[in-house]
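Participant: please work out how this folds:
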Amino acid sequence: MEESSMAQASLICLLLSFSIIMLSNAADISIDCGSSSSHIDADNRTWVGDTDFVATGLTSKFVPFSKFPAELTTLRYFPTGETNCYTNIPVEKGGKVLVRTRFLYGDYDEESTYPTFDVVYDGKHRYSVVTTTFETVTESEAIFIPENGNISVCFFRTLSSKTPFVSTIEVRRLDDSMYTDLGPKEGFILQQRIAYGAQELVRFPYDPYDRIWMPASVFASHLTSSATSIDTTGADNRPPEIILRTSWSQKDMAFYDIKLPFSGVTFYIVIYFSEPLSLGSDQKRSFNVYYEDKQVGSDLIVPPFGAVTQASLRDVVKTELAYLTFEATPDSTLDPLINALELYVISNSGGSGNGTNSTSTSGGGSPSPGGGSGSPPSTGGGSGSPPSTGGGGGSPSKGGGGGKSGGSNNGDGGTNKASEDEKSAGISVLNIFFN
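Facilitator: This is a model prediction of the structure:
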């Protein structure tokens, strides 16, 4: 009798655990646009056909010159209508989601034209898609809070001669404790997500939320963490441990020309820091980070060893010449560093434009108020070049020293991971150069 009760209890626990796992992944879906069948890719992601989500458009399949994942060789295009939508994509109402669309033109129509059009997420958050080559993947990504149990992704024709299309749509569930700077009606439209010192892009399974971190390999002081493990719970946004194992470091480090689509947009920037060295009693690394004259983060940055801190700034309006500077404190014996950075345009921002900042070292950052209403501006250009770094004539910040572009391979070998298909997919690598 006792053994039977224990067996029943074990079964209940197993079923409960399974239900929790299913619930936590309820919003994760990968749609292979233009396909009617399902498949599992090399990274164990399941792709489903798109016929349950869209009723318009035509499909095409092409054979690219380079090697691409199968889901990028099919697409759906929309030769008629000003607006065409995917609908009834299931999500968890009120939970944060990341939605990513990808576009590989491939000259599927044999017209040798490069389509330009807009994509709008859930009727609120707009991004301008610009394709520039046959075999380069263009990406768009938005983080927002769905108001209903399903979302839409719509494609708007902006020029009569250009036909909208889409290759894939991916939805990933984020923890509610992440991106606490996001207001309830706002969207974060990705412009850059960079892992400094990485040699390859990083995504799932190394990032459990399947964010894509682009590498930025440059001839600079490239540090590799000596920590046995790195606790990521100290940062609200849960950056993956793998991107915290490499960093850049330089005296008076400065990034110029932060790439945003145009002046006047309101943006959100968040930077991650982890100390790579076990410091001696006579060593100290402390610094401040500024976007122009506004501090990023509410506190002095002292990167923790074996842990991470994040500093953010939002509700700032981009000016013509944007610059980000890292200034060591007078008592610091070591140069500033940076592990990773995310940069977003804020859709439906309700901010003042004057800037609000926060620093997270043990979770629980304060959320910013939600944003207003009305039609969102188009925010394109997220896949363009990232900021320049170093010194420059007339810049209000100090120069960064005479480096040059190039790779650095003194990482730990296991830090930067991507499948062979991802590496050959023609995704633009975000390089940052020293002048």
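
Participant: roughly how far apart are the spatially closest residue to D52 that is not a sequence neighbour and T138?
Facilitator: Using C-beta to C-beta, 6 or more residues apart in numbering and skipping the chain neighbours, the partner closest in space to D52 is N88 (7.4 Å). (Each C-beta comes from the backbone N, C-alpha and C, glycine too.) For N88, the distance to T138 (C-beta to C-beta, to the nearest Å) stands at 25 Å.

Participant: same question, K294
Facilitator: From K294 to T138 the distance is 31 Å (C-beta to C-beta).

Participant: same question for N339.
Facilitator: N339 is 27 Å from T138, by C-beta to C-beta.

Participant: neighbour-wise, which of those two wins?
Facilitator: Taking other C-beta atoms under 10 Å, N339 and T138 do not tie; N339 has more neighbours (29 against 23).

Participant: ok, that one - contacts?
Facilitator: Counting by C-beta atoms under 8 Å, 6 or more residues apart in numbering, N339 makes contact with A195, Y196, G197, P239, I243, L244, T246, S247, Y272, F273, S274, V308.

Participant: looking at those, which is nearest S60?
Facilitator: The shortest approach to S60 among the contacts of N339 belongs to A195, at 33.8 Å (C-beta to C-beta).

Participant: show me the strands in the stretch 1-150 of the chain, by range?
Facilitator: Here the stretch 1-150 of the chain has its strands, by DSSP state E, counting those that start in this stretch, at 29-32, 39-40, 46-49, 58-61, 74-77, 83-90, 97-103, 116-121, 125-130, 138-144, 150-157.

Participant: need the per-residue pLDDT for the nearest residue to L182 once chain neighbours are set aside.
Facilitator: Distances taken as C-beta to C-beta, 6+ apart place F188 nearest to L182, at 5.9 Å, with adjacent residues excluded. Note on F188: pLDDT of 97.

Participant: what secondary structure does F188 sit in?
Facilitator: strand (DSSP: H, G, I helix; E, B strand; the rest coil).

Participant: that one contacts L174, correct?
Facilitator: No - the pair F188 / L174 is not scored as a contact, 10.6 Å apart, by C-beta atoms under 8 Å.

Participant: list the residues that contact both of those two?
Facilitator: Joint contacts of F188 and L174 (C-beta under 8 Å, 6+ apart) are I143.

Participant: of the two, which one has the most company?
Facilitator: Counted by other C-beta under 10 Å, F188 and L174 do not tie: F188 has more neighbours, with 27 against 20.

Participant: and the more buried one, how close does it get to L244?
Facilitator: 21 Å.

Participant: please identify the helix or strand for the closest residue to A198 other than its chain neighbours.
Facilitator: Nearest non-adjacent residue to A198, counting by C-beta to C-beta, 6+ apart: P215, 3.9 Å away. Take DSSP states H and E as the rule and P215 turns out to sit in strand 214-216.

Participant: strands paired with that strand, and their directions?
Facilitator: Sheet pairing for strand 214-216, assigned by DSSP bridges, gives strand 187-196 (parallel).

Participant: tilt between the partner strand and strand 125-130?
Facilitator: Going by axes from the mean of the first three to the mean of the last three C-alpha atoms, to 10 degrees, strand 187-196 is angled at 60 degrees with respect to strand 125-130.

Participant: going forward can the numbers begin at 609, since that is how I track them
Facilitator: Fine by me, first position is 609 from now on; the one you just mentioned is strand 795-804.

Participant: so what's the residue nearest to D660 up against?
Facilitator: D660, F661, N758, S760.

Participant: contacting residues around the third one?
Facilitator: In this case it means N758. T695, N696, I697, P698, V699.

Participant: reformat those as TSV; add pLDDT and distance to D730.
Facilitator: Formatted as TSV, the contacts of N758 follow (pLDDT from 0 to 100; distance: C-beta to C-beta, whole Å):
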residue	pLDDT	distance to D730
T695	98	10
N696	96	12
I697	97	9
P698	96	13
V699	96	9
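
Participant: which among those end up buried?
Facilitator: I697, V699 (16 or more other C-beta atoms under 10 Å).

Participant: which of the contacts of N758 sits closest to T741?
Facilitator: Closest to T741, out of all of these and judged by C-beta to C-beta, is I697, at 28.6 Å.

Participant: the closest one: what's it in contact with?
Facilitator: Contacts for I697 (C-beta under 8 Å, 6+ apart) come out as I637, I639, F661, N758, I759, S760, V761, I777, V779.

Participant: at 10 Å what do you get?
Facilitator: Shown in contact with I697 (C-beta atoms under 10 Å, 6 or more residues apart in numbering): 635, 637, 639, 660-662, 705, 707, 730, 754, 757-761, 777, 779.

Participant: with C693 instead?
Facilitator: Contacts of C693 (C-beta under 10 Å, 6+ apart): 661-665, 686, 728, 731, 760-764.

Participant: buried among those residues? Make that a ChimeraX selection.
Facilitator: Per 16+ other C-beta under 10 Å, the buried members of the contacts of C693 correspond to this ChimeraX selection:
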select :661,662,665,686,728,760,761,762,763,764
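
Participant: for A835, state which of the contacts of C693 is nearest.
Facilitator: V761 (39.8 Å).

Participant: against D658, how distant is the nearest residue to the closest one once chain neighbours are set aside?
Facilitator: The shortest distance from V761 to any non-neighbouring residue, by C-beta to C-beta, 6+ apart, is to Y694 (4.6 Å). From Y694 over to D658 the distance is 7 Å, taken as C-beta to C-beta.

Participant: give me the common contacts of these two.
Facilitator: I639, C641, G665, R684, V774, I777.

Participant: report the beta-bridge partner residues of the fourth one.
Facilitator: When bridges are called by DSSP bridges, R684 pairs up with T667, V774.

Participant: OK, contacts around the residue positioned nearest the centre of the chain?
Facilitator: The structure's the chain has its C-alpha centroid closest to R801; by C-alpha atoms, centre = their mean the separation is 4.4 Å. For R801, the contact set (C-beta under 10 Å, 6+ apart) comprises 749, 809-810, 815, 819-822, 847, 851, 878, 948-952, 990, 994, 1038.
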